[in-house]
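> all I have is the shape, not the residue letters:
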C-alpha cells in the first residue's frame, strides 16, 4: 500500500496515524506544505517512523502539495495506486486500509463520511456542493470534499495537469475524472472530528468560494460548448 499525506503544521494525530500505518509493506510519502522550522521535529519523527518526507519551503496549498506527492509517486512508484489521506485526525489507519482494499481496479475510490456526524459548518457546505456536483456532472458523489481517496496508478501523471493549488484542486480532480468517464467507487467511513474539526486548515468562506468557483467554471464551459 502506498499512502500520500499532505500536511501543514501537523499535530500529534499525524504521528499517531504514521505509527498505526507501519507494517504490512506500507510505504508512506509525506509532503510538508511549508509548515516552518518549528515543525521540523515532528517531520523528523515522521522520517524516523519510515516515511519519506518531501518539503515545500513555502505554503502553497493542499493542491500543490498533492501534486508534488503525485509526481514523486509517479516517478518512484509508477505501478502503484496511491491512497491520499489527511493527517489531522479525521482518517484512521483502518479507514485508509478500507479504501486501499478497493483499489487496483482502475477506479477512483472515495472514503465517504455520514453527513449527520459532521460539524454544522462542514455539513452545510458538503450538502450544497454535493447537489451542485450532481447537477453539473450528472454523477452522484456522496462526499465531494473527502481527502481520503485511492487514485489508480494510470492517473498519476495526468493529475499534475489538473488546475488548482489549494482545496479546489480535489474538486477539479473529481470533475476531470467524471468528465473522462472514470468510475468512482465509495467506501463508507466514520466521520471523526476533534474539537469540532478545529485542526482542519480548510479556510471557511475563502476555500468554499474556490471550490464553488471550480463547479461554476465547469458548468459555464459545458453551457458554452
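Yep, it's here. Every value quoted in this text rests on a predicted model; they were computed, and no experiment measured them.
> how many residues are close by residue 149?
22 (other C-beta atoms under 10 Å). To be clear about C-beta, it is placed using only N, CA and C from the backbone, and glycine gets the same treatment.
> next: the one 10 residues further on.
Burial of residue 159, expressed as a neighbour count using other C-beta under 10 Å, amounts to 21.
> got a list of what it touches?
Residue 159 makes contact with 66, 67, 70, 151, 173, according to C-beta atoms under 8 Å, 6 or more residues apart in numbering.
> let's see it at 7 Å
Shown in contact with residue 159 (C-beta atoms under 7 Å, 6 or more residues apart in numbering): 67, 70, 151, 173.
> can you tell me the SS state at the nearest residue to the last one once chain neighbours are set aside?
To tie it back to what came earlier, the one meant is residue 173. Nearest non-adjacent residue to residue 173, counting by C-beta to C-beta, 6 or more residues apart in numbering: residue 162, 5.3 Å away. What DSSP: H, G, I helix; E, B strand; the rest coil gives for residue 162 is coil.
> can you give me the strands for this structure?
2-7, 27-33, 52-56, 82-84, 108-112, 149-151, 184-188 (DSSP state E).
> for residue 178, which of those strands is the nearest?
strand 184-188 (7.0 Å; C-beta to C-beta).
> how about low-confidence regions in the chain?
115-125, 193-208, 215-216, 218-225 (pLDDT under 70).
> centroid-nearest residue for it?
The centre of the chain sits closest to residue 147, judged by C-alpha atoms, centre = their mean, with a distance of 2.9 Å.
> that older thread, so what's the residue count around the residue nearest to residue 173?
Neighbour tally, residue 162, other C-beta under 10 Å: 20.
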